[in-house]
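Peer 1: Sequence plus the predicted model coming up.
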Amino acid sequence: MRIEPRDASAHRAKAEAALQGELPFGRVFTPHMVIASWDREHGWHDGKTVLREPLKIDPAAMALHYGQETFEGLKAHKQDGGRIIAFRLQAHAERMQRSCERLCIPPMPVADFISACEAIIATEKDWVPSREGASLYLRPTVIATEAALGVRPAESYLFFVLATATGPYFAKGFSGIRVKVEREMVRAAPGGLGSAKTGANYVASMLSAVRAKKEGCDQVLWLDALEHRYIEETGASNVFWVEKGVLYTPPTSETILRGITRDSILQLAPALGIQVQERRISLDELVAGIHSGAVTEMFGSGTAAVVSPISEVMVDGHIVEIGGGKPGSISRRIHDEIVAIHRGRAEDRFGWCHPIPC
């Protein structure tokens, strides 16, 4: 299924004006989207680039009643030489396939996913920002559209890709965030949907996030569902910490999303001479390590924010400061190296940058 871009020259002036203003995350949408459909007779078909408009779905569409949907989030960057690339495009295509399989959705072939993303980026090439810290964020999504009530996999689906010109995910930028340890609620449990990128995981985190923000925190730090003891991830990212000079992150599982940026860091760190390991850490061990000075840095990783330094952890109402409340050198080094790869300023030694023909 080859999806062709559209001529969007009529929207160029609008794009130029939009890129001169503020670019809050996920608010400045481009004029087009890509859509495709699935049914048993045709499989994935009828992929095309169209003007973005409200979706026409039946109120009985099964995604609305049973949550059968999944999505991805990836970025396109304009490099210093003017070339536009999509970062880790293949990896995002493969992760969407895994999420679809978990949710009983027919997986879209990797080649079709890549074609869809290439088409929307090529169409909206004028919306890819050049400024530092900005990018074109893509949101590929699949929803069940069959109009029927009854808990079973749907017989029809809609795939679409939206694009939004966006600045930094956190308004604070790279200055460090405060996270609140969640003692009661859980984001995901063993055997559940924690390893799939689906809305159910995010809505499960919202009440905790709202409460955390009222207490002056930026994100929730989740503990495991069984013992409420081990660090898992934040509401929007995987978690890393630096202990005695070694970079650690919890191993992925049924309750921790296999983040693409997390995977990038696991590959990149050794190439930068940084020792990295996967291991579990309890909240008590983390706090003790911070107090003793063994834990000197902590950060979240994700497509939206890349690397978000965690400067403070709120534990039962008490603030524990990490590394003097400032981003650490390893956090900064990894962030800057990934951004340099985005912009074509550093060698793409792992082949992560997918050139967009446009």
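Peer 2: On my side now, so go ahead.
Peer 1: Identify the residues contacting the nearest residue to I319 once chain neighbours are set aside.
Peer 2: Nearest in space to I319, with sequence neighbours left out and distances taken as CB to CB, 6 or more residues apart in numbering, is E312 at 5.3 Å. C-beta: built from backbone N, CA, C; applies to glycine. Listed by CB atoms under 8 Å, 6 or more residues apart in numbering, the contact set of E312 reads G176, I177, R178, V179, I319, V320, E321, I322, G325.
Peer 1: Reformat these as CSV; add pLDDT.
Peer 2: Compiled in CSV, the contacts of E312 are given as follows (pLDDT from 0 to 100):
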residue, pLDDT
G176, 90
I177, 93
R178, 96
V179, 97
I319, 97
V320, 97
E321, 97
I322, 96
G325, 89
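Peer 1: before we move on, back to that, mind listing the strands the helix or strand hosting the residue nearest to I319 pairs with, and their directions?
Peer 2: Take DSSP states H and E as the rule and E312 turns out to sit in strand 306-315. Strand 306-315 has the following strand partners under DSSP bridges: strand 177-181 (parallel), strand 295-302 (antiparallel), strand 318-321 (antiparallel).
Peer 1: Ranking these by mean neighbour count, which comes first?
Peer 2: Across these, averaging neighbours per residue (mean count of other CB atoms under 10 Å) puts strand 295-302 on top, at a mean of 25.
Peer 1: what does that one rub up against?
Peer 2: Contacts for strand 295-302 (CB under 8 Å, 6+ apart): 169, 177, 179, 219, 233-234, 236-243, 259, 261-262, 265, 286, 289, 307-310, 313, 322-323, 327-331.
Peer 1: ok now that strand, how far from the chain's centre?
Peer 2: From the chain centre to the centre of strand 295-302 is a distance of 16 Å (CA atoms, centre = their mean, to the nearest Å).
Peer 1: circling back to that earlier point, tell me which residues form a beta bridge with the residue nearest to I319?
Peer 2: Bridge pairing for E312 - DSSP bridges - gives R178, E321.
Peer 1: pLDDT score for it?
Peer 2: At E312, the model reports a pLDDT of 97.
Peer 1: State the distance from it to V186.
Peer 2: Shown here: E312 relative to V186, a distance of 22 Å by CB to CB, to the nearest Å.
Peer 1: Ok, L272 next?
Peer 2: Distance from L272 to V186, by CB to CB: 34 Å.
Peer 1: And V34, by the same measure?
Peer 2: 35 Å.
Peer 1: okay, the two: which has more neighbours?
Peer 2: More crowded of V34 and V186, by other CB atoms under 10 Å: V34, with 28 against 19.
Peer 1: which residues does that one contact?
Peer 2: Here V34 is in contact with I3, G47, K48, T49, V50, A116, C117, A119, I120, F159, F160, V161 (CB under 8 Å, 6+ apart).
Peer 1: and the third one, what element?
Peer 2: Translated: K48. strand 43-51.
Peer 1: What strands flank that strand, and is each parallel or antiparallel?
Peer 2: strand 32-39 (antiparallel).
Peer 1: care to break this protein down by domain?
Peer 2: Structural domains of the chain, as assigned by automatic domain parsing, span the residue ranges 9-167, 177-337.
Peer 1: now the ones you listed in CSV, with distance to H354?
Peer 2: Shown next, in CSV, are the domains of the chain (distance: least, CB to CB, whole Å):
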stretch, distance to H354
domain 9-167, 4
domain 177-337, 13
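Peer 1: Out of those domains, flag the one nearest I356.
Peer 2: domain 9-167 (4.6 Å; CB to CB).
Peer 1: pLDDT on that closest one, on average?
Peer 2: On average, domain 9-167 scores 97.
Peer 1: Work out the gap between that domain and the centre of the chain.
Peer 2: 13 Å.
Peer 1: Quick one: end-to-end distance for that domain.
Peer 2: 23 Å (CA to CA, to the nearest Å).
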